[in-house]
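Novice: here's my sequence, what's the structure:
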Amino acid sequence: MPVPAAAVFERLRTFAAVDTTRDHATRAITEVFTGETLGSVPVGTAADVTAAIAKARIAQAEWAARTPKQRAEVLDRYRALVVENRDYLMDIIQAETGKARWAAQEEVIGLMFAARYFSRVAPQLLAPHRAAGAFPVLNRASVRAVPKGVVGVIAPWNYPMLLSVGDSIPALLAGNAVVVKPDSQTPYSSLVNAELFARAGLPRDLFAVVPGPGTVVGTAIVEDCDYLMFTGSSATGRTLAEQCGRRLIGFSAELGGKNPMIVTRGADLNKAAKAAVRACFSNAGQLCISIERLYVEREVADQFTAKFVAAVRAAKLGATYDFSQDIGSLISEAQLETVTKHVADAVSKGAKVLAGGNARPDLGPLFFEPTVLSDVTDAMECGRNETFGPLVSIYPVDSVQEAITRANDTEYGLNASVWAGSKAEGEHIAEQLHAGTVNVDEGYAPAWGTTGAPMGGMGISGVGRRHGPDGLLKFTEPQSIVVTRFLNLDAPPFIPQNRWQPFLMAIARGIRFLPGR
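Specialist: Now for the predicted structure:
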């Protein structure tokens, strides 16, 4: 399939929430496979963010007045447009990121799942519910889910569509407006969805995309939004958390990972080796939840390693807009440099390259072979630090317990994978791992795709959760309304305090075991 025409990108830039009456710097966006220019987008300013949030607040008041069911109807229409335009969306993703088409399809499917799940559960989760009053009969209590207001979303470049719009969907359904700062390398993935939202009937100012640098646009969003959702590095997450803390606004983040896979001697090695290629090298390894450490029981380590290395070497690496390739490109010179340095550092300190290890400029400017290392130690850059590229290390272990201990020996705790002799054994191992999601007999996709269950990190891998009820309700403030009927807590005129207060105590003692207290 061809790259979308220049006119498409020219149209999409009009969905940027910037003041086009003023001169703006522009940034050229390139096709990663070739380095050729796709188009350009205006570089937003702090003033653009201020204006976008002001407009969003006006739109949000009307949007919040709609029922959750009415809001869900708009998101259902958006989902239908995603399905209808799936190939077009995958073209945009591939052009901006250079990933293989199946990895681009993961993003589109993720949007479909998010819109379907949250549209279905929002009316029930957001409905007011009763709570037990302090004093039966005298008090009637209810709890409402009140929208935060304007939610800021700071999105990354690696899954730029899913991680900008996928987080915006529950925020919108909860009754909020959203202002997105896409990564400067991948703005069209957010802008094309602004177009689809508008076609679905979402008020234009309710979903605003402001392209620009994090130091300007990101900072302005944090200084003015009512809640922040961030996906990116743990280091940046710490900084943003501090900024949100100073303003006392809510903050949720999915951060880095150094994710382990455990393979026991009873596992199906053929299935594990094949699946590990996807688990390690999806989006050329540029995925927070992909696997970078493989712990294999020594009894089967040689067998598994041979099968895995063979599968890695057989993987097709290339630049096409179809499903013929298994692994695509890195996104930038910076990523290529990091992977190159990590491999060179490991080899210089004694690691052995079992597969890959080389850049592939013959395929495109930013390609690097999927790489498997053995004999990696903590003294090497890739030993404990996240590479975020097509690099994985294999470690033979003497027991399952050693694998669990080593898998948990990290500050991170985002995702993990377990392959064992039975589902029961796999689940038992999973329960002992310090990770927000654990996949048994898979790498990462089933846990990510289970939108009804919370997804997020432990340790320095994140704060809060996306998906599940938590992924919707975090964008709301619970408000308790308690109505007092018949009598309030003041003593009636005909009862003195010395009798009234013991009477209240007797009531309190009698109701202390009622449900809800």
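Novice: just checking, what packs against the host helix or strand of Met90?
Specialist: Element membership of Met90 [criterion: DSSP states H and E] is helix 86-97. Helices and strands touching helix 86-97, as assessed by 3 or more C-beta pairs under 8 Å, 6 or more residues apart in numbering; DSSP states H and E, comprise helix 101-125, helix 188-200. Where you see a C-beta, it was placed from the backbone N, CA and C, and this is true even at glycine.
Novice: relative orientation of the first one and helix 86-97 in degrees?
Specialist: Using axes from the mean of the first three to the mean of the last three C-alpha atoms, to 10 degrees, the inter-axis angle of helix 101-125 relative to helix 86-97 is 110 degrees.
Novice: relative to helix 188-200, how tilted is helix 101-125?
Specialist: Helix 101-125 runs at 50 degrees relative to helix 188-200, counting by the same axes, to 10 degrees.
Novice: partner strands of the helix or strand following helix 101-125 and their direction?
Specialist: Heading C-terminal from helix 101-125, the first helix or strand you meet, by DSSP H and E, is strand 129-131. Sheet pairing of strand 129-131 (DSSP bridges) gives strand 139-147 (antiparallel).
Novice: name the residues of the strand it pairs with that are buried.
Specialist: Using 16 or more other C-beta atoms under 10 Å as the test for burial, strand 139-147 gives 139, 145, 147.
Novice: how close does the spatially closest residue to the second one that is not a sequence neighbour sit to Ala64?
Specialist: In other words, Ala145. Leaving aside its chain neighbours, Ala145 sits nearest to Thr476 (4.0 Å; criterion: C-beta to C-beta, 6 or more residues apart in numbering). Applying C-beta to C-beta, to the nearest Å, the value for Thr476 to Ala64 is 10 Å.
Novice: Gly436 now?
Specialist: With distances taken as C-beta to C-beta, Gly436 is found 30 Å from Ala64.
Novice: more neighbours: those two, which one.
Specialist: Comparing Gly436 with Ala64 by neighbour count (other C-beta atoms under 10 Å), the higher total belongs to Gly436, at 22 against 15.
Novice: I figured the more buried one hits Ala430, correct?
Specialist: No: with contact defined as C-beta atoms under 8 Å, Gly436 does not reach Ala430; the gap is 11.7 Å.
Novice: can you pull up the most central residue in this structure?
Specialist: Residue closest to the mean C-alpha point of the chain, counted by C-alpha atoms, centre = their mean, is Leu163 at 5.0 Å.
Novice: which non-adjacent residue is nearest that one?
Specialist: Thr231 is the one closest to Leu163 (C-beta to C-beta, 6+ apart), at 4.7 Å.
Novice: show me the contacts for the closest residue to Lys69 other than its chain neighbours.
Specialist: Nearest residue to Lys69, sequence neighbours excluded (C-beta to C-beta, 6+ apart): Pro123, at 4.9 Å. By C-beta atoms under 8 Å, 6 or more residues apart in numbering, the contact list for Pro123 reads 67-69, 72.
Novice: picking up where we left off before, any idea which of the helices and strands packed on helix 86-97 is most buried?
Specialist: Comparing these by mean neighbour count (mean count of other C-beta atoms under 10 Å), helix 188-200 ranks first with a mean of 23.
Novice: name the helices or strands packed onto it?
Specialist: Secondary-structure packing of helix 188-200 (3+ C-beta pairs under 8 Å, 6+ apart): helix 6-13, strand 37-42, helix 68-84, helix 86-97, helix 162-173, strand 207-209.
Novice: right, I'll call it a day here.
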